[in-house]
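1. structure for this input, please:
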Amino acid sequence: MLFSKDELDSFLEDSRESHRQAGAVEPELSKLTRKDFYGWLEELSGELKEQIHLNSPLSPKDRVARVKRAEHDFMFFARTYFPHYFSISSSCALHEDLAQIFEAMTQNTSGDKYARAAPRGHAKTTYCSQLLPLWCICFGKKRFIVEISDAVELVEGCLEAIKAELEDNANLKMDFPHVCGASKNWKIGEFVSKNGVKLKAFGSGKRLRGVKFGVYRPDLVVLDDLENDTNVRSKEQRDKLEEWLDEAVLNLGSVDGSLDVLYIGTVLHADSVLARKLKLKFWNAKKYQSIINFPKRMDLWERWSELYKNVSKEASETFYLKNKALMDDGARVLWEDALPILKLMQKRSENLKSFNKEQQNDPRIETQIFTKESMHFYRELPRCDYFVMYIDPAGEKKKSDYTAITVLGVSRAEAKIYVAESIVEVMKTKKTIKEIIRLNQLYKCRICAIESNGGQEFFRGWIREKAFEIGVKLPLKGVNNTASKGQRIEELEVPIEDGEILFHQSQSLLIEQLTEYPEAKHDDAPDSLAGAYDLTKLKKKVKRRNR
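-> You can find the predicted model right below:
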């Protein structure tokens with residue numbers, strides 16, 4: 001890529017400020033800034049061309065075999081013709097995954113959607129917005145490629161980098177003479193290659209209706225960092241962008257469903273549009289983190305961090321070298337040669353919030369109470385002394401609300417409470433009643449409580465009738481909560497952090513709603529967990545009642 005988002009923002013701000021001081025106002029200010037940007041693009045493109053000229057020439061006699069392999073092997077194509085992008089010789093799991101996606105997209109006639117969360121500094125734009133389009137151009141794998149980013153200038157820069165390769169890459173010219181060189185349509189932000197492949201750049205949220213290339217509609221869309229740190233803070237803006245993506249972008253292709261969409265970026269907010277798509281199976285989603293496994297001896301890293309921040313970098317390096325084996329033990333990073341554990345821990349020490357967001361794709365909300373790191377998990381449910389169940393039914397008028405049912409198992413000897421079941425679904429009344437009876441028969445619950453707030457008393461009556469009808473004993477009671485929902489949920493913080501409450505990794509929706517609380521769209525699962533936890537503290541009272 002010719003420039004990063006930070007470099008672009010800095011350039012545009014400097015340009016605007018310079019023209020403001022000279023007395024320029026809108027709309028002239030925008031025109032002058034745009035003119036400056038064109039000049040900057042030309043300068044950066046020239047620098048890239050100089051780097052391209054330094055590449056070693058390929059052997060003409062191997063051309064046929066080379067082209068044949070490159071057609072089906074993306075990584076071979078990329079490394080053979082564009083070595084200047086591979087100053088670090090190794091690749092990482094993200095790059096291998098992207099190569100597989102590229103190959104799948106260009107082999108299958110039916111379109112698909114892919115969402116990937118990638119850490120900063122892992123060459124995602126180089127791969128997705130430059131090398132992939134070049135591969136498609138050289139072999140005619142796609143006819144009309146659309147690239148979209150938060151700022152149109154970012155993808156305009158990517159298109160200029162692609163044009164530089166087609167104009168000045170000697171190895172590319174030797175093996176693909178029919179695609180190289182400038183064509184009649186060779187503009188900033190839009191061009192058509194000599195073999196008839198069109199690329200066009202857009203900014204996110206822009207009008208896309210009727211985007212065509214002659215009789216062709218787009219057959220590949222690359223979405224590269226659609227959001228920025230400012231607009232992602234507003235739920236209204238997030239909703240608006242998602243609506244635009246679903247309605248405008250996904251309908252760009254032909255009616256035959258051949259459009260491929262690759263959405264890659266960094267998760268800037270727990271409820272960002274990318275974060276939402278990562279939860280949808282049909283987006284073939286995957287999230288990557290710079291640190292896959294943290295070191296075992298985080299206590300040593302905390303001491304190192306104190307030296308790094310409060311003493312000197314040299315003192316921290318001395319400490320690290322002295323304890324390197326212990327401090328590296330257990331650590332597993334995504335791209336060792338580019339960002340080893342020491343570099344990543346330096347970033348983490350400098351700004352934890354930024355690190356979690358940009359390197360771990362795990363943005364933390366300022367008001368966040370629960371984190372996955374603070375949770376404790378079990379592999380197999382142990383023998384428990386008794387179980388309790390809490391039912392939080394969906395509101396009568398809110399058809400989209402979840403019904404949340406939690407079953408907790410209590411081990412007196414361990415003083416632990418295990419989340420045996422966390423069922424969070426949009427369920428109709430009949431299914432909810434069947435599920436309650438099934439769980440009670442499975443766990444022989446000591447008590448089954450149902451929230452009575454909001455006029456749910458009638459629901460308890462229906463459950464009793466069904467249980468009586470099939471001859472099942474159901475220790476059902478109504479609970480009228482006096483404390484607010486927020487207070488009940490927040491009281492879970494200590495028992496969760498202390499490991500009194502243990503979860504199973506499969507309880508993904510409960511964990512998700514806890515970690516995104518209080519800004520999550522739904523908090524039914526945490527509310528149900530809070531209700532069930534309260535029941536475990538009533539054991540003595542329940543014992544006397546059952547005598």
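
2. which residues of the stretch 1-150 of the chain fall in helices?
-> For the stretch 1-150 of the chain, the helices defined by DSSP state H, counting those that start in this stretch occupy 5-21, 28-53, 63-72, 74-81, 93-107, 124-125, 132-139.

3. and these: which comes nearest Pro518?
-> helix 5-21 (29.6 Å; Cβ to Cβ). Every C-beta, even on glycine, is put in place using the N, C-alpha and C of the backbone.

4. show me the contact partners of that closest one.
-> 3, 28-29, 32-33, 36-37, 40, 150-151, 153-154, 157, 225, 228 (Cβ atoms under 8 Å, 6 or more residues apart in numbering).

5. weed out the non-buried ones from those residues.
-> 3, 29, 32-33, 36-37, 40, 150-151, 153-154, 157, 225, 228 (16 or more other Cβ atoms under 10 Å).

6. what's the weakest-modelled helix or strand in the chain?
-> helix 539-546 (a mean of 44; mean pLDDT, DSSP states H and E).

7. would you point out which residue is most central in the protein?
-> Central residue of the chain (Cα atoms, centre = their mean): Ala117, 3.9 Å from the mean position.

8. hmm, it is touching Ser272, no?
-> No. At 9.6 Å, Ala117 does not count as touching Ser272 under the criterion of Cβ atoms under 8 Å.

9. re the thing from before, adding pLDDT and distance to Ser89, write the buried ones among the contacts of helix 5-21 out as a markdown table.
-> Formatted as a markdown table, the buried ones among the contacts of helix 5-21 follow (pLDDT from 0 to 100; distance: Cβ to Cβ, whole Å):
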| residue | pLDDT | distance to Ser89 |
| --- | --- | --- |
| Phe3 | 92 | 24 |
| Leu29 | 92 | 45 |
| Leu32 | 94 | 43 |
| Thr33 | 94 | 39 |
| Asp36 | 95 | 37 |
| Phe37 | 95 | 34 |
| Trp40 | 96 | 30 |
| Asp150 | 95 | 31 |
| Ala151 | 93 | 31 |
| Glu153 | 96 | 31 |
| Leu154 | 96 | 27 |
| Gly157 | 97 | 25 |
| Asp225 | 95 | 26 |
| Asn228 | 92 | 33 |
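
10. out of the residues you listed, which two sit at the greatest distance?
-> Between all members of the buried ones among the contacts of helix 5-21, the farthest pair (by Cβ to Cβ) comes out as Leu32 and Asp225, at 26.2 Å.

11. and Asp225, what is it in contact with?
-> Contacts of Asp225 (Cβ under 8 Å, 6+ apart): 5, 125, 149-150, 154, 264-266.

12. got the contact list for stretch 466-485?
-> Residues from elsewhere that reach stretch 466-485, judged by Cβ under 8 Å, 6+ apart: 390, 433, 436-437, 440-441, 445-453, 456-457, 460, 463-464, 488, 523, 527, 531, 534.

13. gap between Leu44 and Val155?
-> 14 Å (Cβ to Cβ, to the nearest Å).

14. quick one, which of those two is more surrounded?
-> Val155 (28 against 19; other Cβ atoms under 10 Å).

15. next, that one: secondary structure please.
-> helix (DSSP: H, G, I helix; E, B strand; the rest coil).

16. that one and Ile145 touch, don't they?
-> No. With contact defined as Cβ under 8 Å, Val155 does not reach Ile145; the gap is 10.6 Å.

17. quick one: which two of the contacts of helix 5-21 are the most distant?
-> Once Cβ to Cβ is applied, the contacts of helix 5-21 give Glu28 and Asp225 as the farthest pair, at 29.4 Å.

18. sorry, back to before: okay if I get the buried ones among the contacts of helix 5-21 as CSV plus distance to Lys473?
-> Conversion of these to CSV gives the following (distance: Cβ to Cβ, whole Å):
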residue, distance to Lys473
Phe3, 70
Leu29, 76
Leu32, 80
Thr33, 75
Asp36, 78
Phe37, 74
Trp40, 76
Asp150, 59
Ala151, 64
Glu153, 68
Leu154, 64
Gly157, 69
Asp225, 57
Asn228, 58
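
19. quick check, nearest of those residues to Arg69?
-> Gly157 (29.9 Å).

20. show the contacting residues for Ala123.
-> 85, 95.

21. could you report the separation of Asp362 from Glu302?
-> Taken as Cβ to Cβ, the span from Asp362 to Glu302 is 19 Å.

22. the two: who's more crowded?
-> Asp362 (18 against 10).

23. okay, and that one sits in which element?
-> Using DSSP states H and E, Asp362 sits in no helix or strand.

24. tell me the pLDDT at it?
-> We note a pLDDT of 90 for Asp362 in this prediction.

25. then the one 5 residues further on?
-> In the prediction, the pLDDT value recorded for Thr367 is 72.

26. which SS class is it?
-> coil.

27. which residues touch it?
-> So Thr367 contacts 518-519 (Cβ under 8 Å, 6+ apart).

28. Pro393 versus that one, what's the distance?
-> Applying Cβ to Cβ to Thr367 and Pro393 gives a distance of 27 Å.

29. also Asp362?
-> Distance from Asp362 to Pro393, by Cβ to Cβ: 32 Å.
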